[in-house]
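Student: mind folding the following:
(2 chains, ligands or ions: 2)
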Amino acid sequence: MITCQAIHKTFHGTTVLENIDLHVEEGKIFGLLGPSGAGKTTLIKIITGQLPKDSGDVSILGKSVEDLTGRDRNQIGIMMDQFGIYDRFSCMDNLKIFAQIYGIPTDKVRKALIDVGLEQAIRTPAGKLSKGMRNRLSLARVFIQEPRIIFLDEPTSGLDPATSRAIHKLIMDKKREGCTIFLTTHNMDEASRLCDHVALLHEGKIVEYGVPLELSRKYDHQKKILLHLADGEDETLDYSETSAGRIRMLMENRMLETIHSSEPNLETVFLELTGKKLED
Amino acid sequence: MGNVSVILRKQFKDTFKNKTVLIQFILFPVMTLIMENMIKLEGMPEHFFAKLFSVMYVGMAPLTCVASIISEEKEKNTLRVLIMSNVKPSEYLLGVGSYTWLLCMIGSFVIGASAKFTGTQLMTYEFIMGVGVLISILLGAAIGMYANNQMMSTSLVMPAMMLLAFAPMLSMFNEKIGKFAQILYTEQMSRLFLAMSLSEAEAKGVVCVLVNILVFTIFFMIAFREKGLE
Ligand SMILES: Nc1ncnc2c1ncn2[C@@H]1O[C@H](COP(=O)(O)OP(=O)(O)OP(=O)(O)O)[C@@H](O)[C@H]1O
Ligand SMILES: [Mg+2]
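Tutor: Ligands and ions are numbered 1, 2, ... in the order given. Now for the predicted structure:
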């Protein structure tokens, strides 16, 4: 569905993307993970033809991006981190503009807004919506187009967990309908929950690629124990004699609240690969 | 063609919500309506206010409106989304341009009616306005394309607007300014309004307007080529 080969991109001499290869299969959710500034948005822009690349090949829907026709473009839905929302227009009027462009009957607009949970806000000017509601409106705009491939640049960034979960559900629904989804995030938890495949992008390079669970297992060699102390502090220990002594001491002093075995997740995989933490 | 009408409809819907644009459209027509009816001074040229405000209207309203519509859509990334949804840049510009032209023509009808122009006089007046508004739209679109955001657009529109709207007025009082201003289409409009008859128009003036059309079309083309709607 989407294939990138040896993509390079520089901005004024600074390399932003280096030798990017990736492949996204039809009907799967692909997650591009990386900290701020890694080059996620740049890569989406290149794949969707909004930005020229220095070298490499992108193919989408079996064609090179440059060769996409208007009809092909209609099958690609894009939601970027900066939304294209008309603040003075209501949710309904925002979507109507795009419905008219795509020749979609107006009653579908109403349904799309209800589907993303904006029923109460149909007549509300978009400028008065909360961040989560704006994200939903952007999603609705992408959905009415009924695309086969959807690009979502940080669909849940800055949202509370409940709103994020609601958006995850919408994304999963689209997958069930057969859409191919390419999303970016710096939330590891989101990636493990949603994505069939992930690529970890760090300073413009893909440092790891695979199925989230398999990646976590692959990096499962350094077992850790996570302690929660009575004074509210957290502590991580490895499996060793000294750790045992420390735990014993804490228990005797009644300072230990809980003990967990810390399973490696994408967060720790990333930390191990790059020595850096992914912050939200 | 369908997309042009989508843009056009979107703009009409926005008219009463977008106060900055709305005020530009109605300010001079309303002022003319008031002044032409309230103030009658001994020895004042006929239709003084209508003619003065018409020139200022052409020099300000289309320029500000087109430039602010385009630069706002750039700044808020709505333009990019339209283009990604297969709206062609030419369709977008045609939609915004014809919207602004139509509204300014409504405004100029209000001015024409306040001055009680009738028959050929009214037709002549509207024709001159139609051409003037068109040239201003070309310039406004060029500025809108050139500017990256609304701030930049405002600071580019300001000097152009001052020149186009005020030079013709100042040239009434100062010959030197008049000499310079005659290269501007707004000054030529103001001269055409004096006789209010196209058959009495000087050849020099007509050529000047044609040159203006050419120059601003080139401006527009360069902006479109170099920056487009990026
Ligand atoms: N138009 C541009 N001109 C110059 N540099 C740019 C441009 N766009 C992006 N960059 C640079 O490219 C790098 C990658 O940016 P990009 O926006 O792709 O990161 P990102 O992974 O999307 O980050 P975030 O998570 O903050 O959205 C950054 O260092 C940024 O400064
Ligand atoms: Mg980004």
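Student: around ligand 1, pick out the residues from the stretch 101-250 of chain A.
Tutor: Counting by C-beta under 6 Å from any ligand atom, the residues of the stretch 101-250 of chain A lying close to ligand 1 are residue A:186. C-beta: built from backbone N, CA, C; applies to glycine.
Student: swap the cut-off to 8 Å and go again
Tutor: Residues of the stretch 101-250 of chain A found near ligand 1, taking C-beta under 8 Å from any ligand atom as the criterion, are A:153-154, A:157, A:184, A:186, A:201, A:204.
Student: for residue B:45, which non-adjacent residue is closest in space?
Tutor: If you skip the residues right next to it in sequence, residue B:45 has residue B:51 as its closest partner in space, 7.9 Å away by C-beta to C-beta, 6 or more residues apart in numbering or on different chains.
Student: contacting residues for that neighbour?
Tutor: Residues in contact with residue B:51, defined by C-beta atoms under 8 Å, 6 or more residues apart in numbering or on different chains, are B:45, B:115, B:190, B:193-194.
Student: one step back: by neighbours, which of the residues of the stretch 101-250 of chain A next to ligand 1 wins?
Tutor: Of all those, residue A:184 has the most neighbours under the rule other C-beta atoms under 10 Å in any protein chain shown, reaching 26 neighbours.
Student: need the pLDDT of that one.
Tutor: On pLDDT, residue A:184 comes in at 94.
Student: which ones are touching it?
Tutor: With C-beta under 8 Å, 6+ apart as the criterion, the residues that contact residue A:184 are A:31-34, A:40-41, A:43-44, A:152-154.
Student: among those, which ones are in helices?
Tutor: Among those, the members falling in helices (DSSP state H) are A:40-41, A:43-44.
Student: near ligand 2, from those residues?
Tutor: Filtering the ones in helices among the contacts of residue A:184 for proximity to ligand 2 (criterion: C-beta under 5 Å from the ion) leaves residue A:41.
Student: from the ones in helices among the contacts of residue A:184, list the ones also adjacent to chain B.
Tutor: Checked against chain B using C-beta under 8 Å from any C-beta of the partner chain, the ones in helices among the contacts of residue A:184 give no members in range.
Student: most neighbours, which of the ones in helices among the contacts of residue A:184?
Tutor: residue A:43 (29 neighbours).
Student: bridged to the nearest residue to it once chain neighbours are set aside, which residues?
Tutor: Spatial nearest neighbour of residue A:43, chain neighbours left out: residue A:17 (6.0 Å); criterion: C-beta to C-beta, 6+ apart. Residue A:17 has the following beta-bridge partners by DSSP bridges: residue A:9.
Student: need the phi and psi values for whatever residue of chain B ends up closest to ligand 2.
Tutor: Closest approach between chain B and ligand 2, counting by C-beta to the ion: residue B:77, at 13.1 Å. Torsion angles at residue B:77 (phi, psi; degrees, to the nearest 10) stand at phi 70, psi 10.
Student: give me the neighbour count for it.
Tutor: 15.
Student: residue B:143 too?
Tutor: Tallying neighbours of residue B:143 according to other C-beta under 10 Å, which is how burial is gauged here, yields 27.
Student: equivalent analysis for residue A:27, please.
Tutor: Using other C-beta under 10 Å: residue A:27 sits among 15 other residues.
Student: I'd guessed it sits against residue A:180; true?
Tutor: Yes. With contact taken as C-beta atoms under 8 Å, residue A:27 and residue A:180 are classed as touching, separated by 5.9 Å.
Student: need the contact list for residue A:181.
Tutor: Taking C-beta under 8 Å, 6+ apart as the definition, contacts of residue A:181 comprise A:28-30, A:149-152, A:171, A:174-175.
Student: the helix or strand that contains it and ligand 2 in contact?
Tutor: In this assignment (DSSP states H and E), residue A:181 forms part of strand A:180-185. No. Strand A:180-185 is not in contact with ligand 2 by C-beta under 5 Å from the ion; minimum separation 6.5 Å.
Student: which one of the contacts of residue A:181 is nearest to residue B:131?
Tutor: Out of the contacts of residue A:181, the one with the shortest distance to residue B:131 is residue A:151. That distance is 45.1 Å, counting by C-beta to C-beta.
Student: distance check, the closest one against residue A:46.
Tutor: Here the criterion is C-beta to C-beta, to the nearest Å. By it, residue A:151 lies 11 Å from residue A:46.
Student: and the residue of the stretch 101-250 of chain A nearest chain B?
Tutor: Among the residues of the stretch 101-250 of chain A, residue A:101 lies nearest to chain B; the distance is 5.1 Å by C-beta to the nearest C-beta.
Student: do you know the pLDDT at residue 137?
Tutor: Defaulting to chain A. The predicted local distance difference test score for residue A:137 is 93.
Student: try chain B instead
Tutor: 97.
Student: all strands of chain A, in order?
Tutor: Ranges of strands within chain A are A:2-11, A:14-24, A:29-33, A:55-60, A:63-64, A:76-79, A:149-153, A:180-185, A:197-202, A:205-210, A:224-229, A:234-238, A:256-262, based on DSSP state E.
Student: returning to what we had before: would you mind measuring from the residue of the stretch 101-250 of chain A closest to chain B to residue B:7?
Tutor: Here the distance between residue A:101 and residue B:7 works out to 9 Å (C-beta to C-beta).
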